[in-house]
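Asks: got a structure for you, letters missing:
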């Protein structure tokens, strides 16, 4: 039975087409996934279906939900449909809830808007719905008291409180840890089965798509380039873009062998305590132990991965290694010099690349100034022609043209910005780079290019790095050794392939089990 | 919530103690001997010394500070050197002008600013928004003493609806309110303009938040989303401004008090400073500090009432 039919949908914003000729059918009780890279029009399709296109957007075509054309429905009638016939779950659970209302009240609001019921009844039903989505906290709690996964459950409860026929989930698990992601996907699948809803799942994560979707639509530049039942589509992959996308996701890079065994970075028994809220007015301040007796070494030219869920202490460890965080115990040394003293010669040996390539650059400086920032660490920074040469070389190393030096950061795409961040790290020829979720915000094809670039750099000269990521498949392909961190402790470490193939610690096992797997694809090799 | 209130109360007390020390010290270092000032330039040194002894100025600093603070705690602010009346009485007379005036002005500005700000935010970029934002520009730019004179010219001299100045006392509350109306309007205008702008921008920030999109996806209309979800979240910066404005209105109304011949705290402190009546200056400033700190305390409590996230932090 057809639930949603999108016919020849086109959307323009300010004269620029963002969606062109979208055709999509989805049935009740099924999961249809829309996938593609950022800017391909996935979210715009979802918003059009909810009748929530941004102001100034002009839509043509038809979006039929149970025979009602959303595009022709006036706003008051749309308000009656939203939350009632169709519900929507968004990407960012941390900000999707009103911080000043209890979660119970926010779920009850969906019911109160659409039905003539007493407040007490609405709240009772909201509580039941929160229980159904597997939330084990009282409805009187506020959003800030909940974790990301719990908040996403609240958002789901809000969206399905009226048992809509269509649920749209826009990147519902992208902001969550793998184990939480697995549980939320389970919940969504369970709800589809139980309520007979149609689920339109929007995600860039092909492993998730292949795992849960009944049908897949692949979008590129505002068009659906390929659509079909999941097994058929995975088998055939008629469109080259689909093949390229899957190939990029499964991308494994070739790393050269580790050159030496000479130790570079040594972290020994490091402890970091954060003071937390006082329990009584004049009592002692309790502490939270973010790093608990952490030890690790990285040899020259060695590529080490660090995985673990959010809040496990990855970022604290990064900052401690960079000497940006005081530690309460243990030592961190680079070439046997403690990082806490932080002289320039030492800092030159370590550079960092962060997750958000845009946020880590000053938008008012040109690229030449941005990437030469680490020059202040040198005693005799190159000047004049030498400086220009160094800039050109750094840009060339990361695959950017020399004229990029005169541009501003907003003129670059996300992947190019991350290349610039790498260029900035490389310009002082460090021995160690810390990649802190450095490819997490990138699209799969761009991510594959950046990973290739990193492997390339390793071939040119021995480069050691600590690669921090929540994405296990990336860590698996780009590191020699891996460390698994849980609650401030390193619970397992070893050669990457061994750990992934045969995890020993229960936590590592649960992480690997929860991570969705891309199916083995015969075409992956062809597309390269 | 109780813990939060107690925590704020403790820091409030500490602020008061620090403030009293600072005020005492500053007044001590102001040049000019009050006794010499009161007796005039031709006074003989022994007369001045006798007056200093009478005023207690020859006692050690610490014991004078202790006497001052001890007196204030018991409600005894000392006796004014120039007025020869207890400072408590002087303040009590004037606070019944300044406090109602401040509350009156703040009520007016809030009553104007909230609807204006909300209306402008809900019609962002529309004609109503542009008109309100233009009006607030003007409101911020016009000096309030000039506006006060224009008000007197129109409503007191030409239309004769209000008197041009003076204060009849609270024996007839209606007459008292009437006397305070023009000054309150003059004070409220720039405050309302600022408050409306803060309200608008704060609301617009909130309307761009993710939870507004969530609310719309639940089926709320734009209007419902604004009133039910955006408004309460937008109140925090607005409350901050209101708290600052109240403190300002209480002591900063001095020019308006001058224009309307109102016997308020502003005039009292101005006269006391000119006459080196240090005991009055100290006491009034201390009282103002106390009020400002209390207002901040109340604002803090309202923050916590509005936003559950702030309740946890003491």
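Replies: Structure received. Since the structure is predicted, the reported quantities are computational estimates derived from the model, not experimental observations.
Asks: separation between the nearest residue to residue A:375 once chain neighbours are set aside and residue A:387?
Replies: Using C-beta to C-beta, 6 or more residues apart in numbering or on different chains and skipping the chain neighbours, the partner closest in space to residue A:375 is residue A:381 (3.9 Å). (Glycine included, C-beta is placed from N, CA and C.) Counting by C-beta to C-beta, to the nearest Å, the gap from residue A:381 to residue A:387 is 7 Å.
Asks: Return every residue with contacts to both of those two.
Replies: Common contacts of residue A:381 and residue A:387 (C-beta atoms under 8 Å, 6 or more residues apart in numbering or on different chains): A:372, A:375.
Asks: Count the neighbours of the residue nearest to residue A:375 for me.
Replies: 14 (other C-beta atoms under 10 Å in any protein chain shown).
Asks: With residue B:63 instead?
Replies: A count of nearby residues for residue B:63, using other C-beta under 10 Å, gives 10.
Asks: Okay, and it sits in which element?
Replies: helix B:61-73 (DSSP states H and E).
Asks: returning to that earlier point: I believe the residue nearest to residue A:375 is in a helix; please confirm or correct that.
Replies: No. Counting by DSSP: H, G, I helix; E, B strand; the rest coil, residue A:381 is not part of a helix but coil.
Asks: Which pLDDT value goes with it?
Replies: Per-residue pLDDT puts residue A:381 at 84.
Asks: For chain A, list the residues in contact with chain B, please.
Replies: With C-beta under 8 Å from any C-beta of the partner chain as the criterion, chain A meets chain B at residues A:50, A:52, A:75-76, A:79-84, A:87-88, A:90, A:92, A:95-101, A:109-110, A:113-114, A:142, A:144, A:155, A:158-159, A:277-278, A:281.
Asks: Residue of chain B closest to chain A, please.
Replies: Here the residue of chain B nearest chain A is residue B:219; by C-beta to the nearest C-beta that distance is 3.5 Å.
Asks: what about the closest residue to that residue other than its chain neighbours, distance to residue A:93?
Replies: Using C-beta to C-beta, 6+ apart and skipping the chain neighbours, the partner closest in space to residue B:219 is residue A:83 (3.5 Å). Noted for residue A:83: a distance of 18 Å to residue A:93, by C-beta to C-beta.
Asks: How about the secondary structure of the nearest residue to residue A:427 once chain neighbours are set aside?
Replies: Once flanking residues are discounted, residue A:427 sits nearest to residue A:394: 4.5 Å by C-beta to C-beta, 6+ apart. Following three-state DSSP, residue A:394 is assigned to helix.
Asks: cool, residue A:21 as well?
Replies: Applying three-state DSSP: residue A:21 is strand.
Asks: For it, the count of nearby residues, please.
Replies: 14.
Asks: That one and chain B, how far apart?
Replies: Going from residue A:21 to chain B by C-beta to the nearest C-beta, to the nearest Å gives 26 Å.
Asks: Give the closest residue to that residue in space, chain neighbours not counted.
Replies: Residue A:21 sits nearest to residue A:8 (C-beta to C-beta, 6+ apart), 5.5 Å away.
Asks: Select the helix or strand of chain B having the lowest average pLDDT value.
Replies: Here the helix or strand of chain B ranked lowest by mean pLDDT, DSSP states H and E is helix B:34-39, holding a mean of 72.
Asks: The residue nearest the centre of chain B is in what secondary structure piece?
Replies: In chain B, the residue lying closest to the centroid (C-alpha atoms, centre = their mean) is residue B:247, at 2.6 Å. Residue B:247 is part of helix B:231-252 when elements are defined by DSSP H and E.
Asks: tell me which residues of that helix are tucked away?
Replies: Of the residues in helix B:231-252, B:231-236, B:238-252 count as buried by neighbour count, 16 or more other C-beta atoms under 10 Å in any protein chain shown.
Asks: thinking again about what came up before, listing partners with orientation, what would you give for the host helix or strand of the residue nearest to residue A:21?
Replies: Per DSSP H and E, residue A:8 falls inside strand A:2-13. Next to strand A:2-13 in the sheet, as set by DSSP bridges, lie strand A:16-27 (antiparallel), strand A:57-65 (antiparallel).
Asks: From what I see, the residue nearest to residue A:427 and residue A:425 are in contact.
Replies: No. Applying C-beta atoms under 8 Å, one finds residue A:394 not in contact with residue A:425, separated by 9.4 Å.
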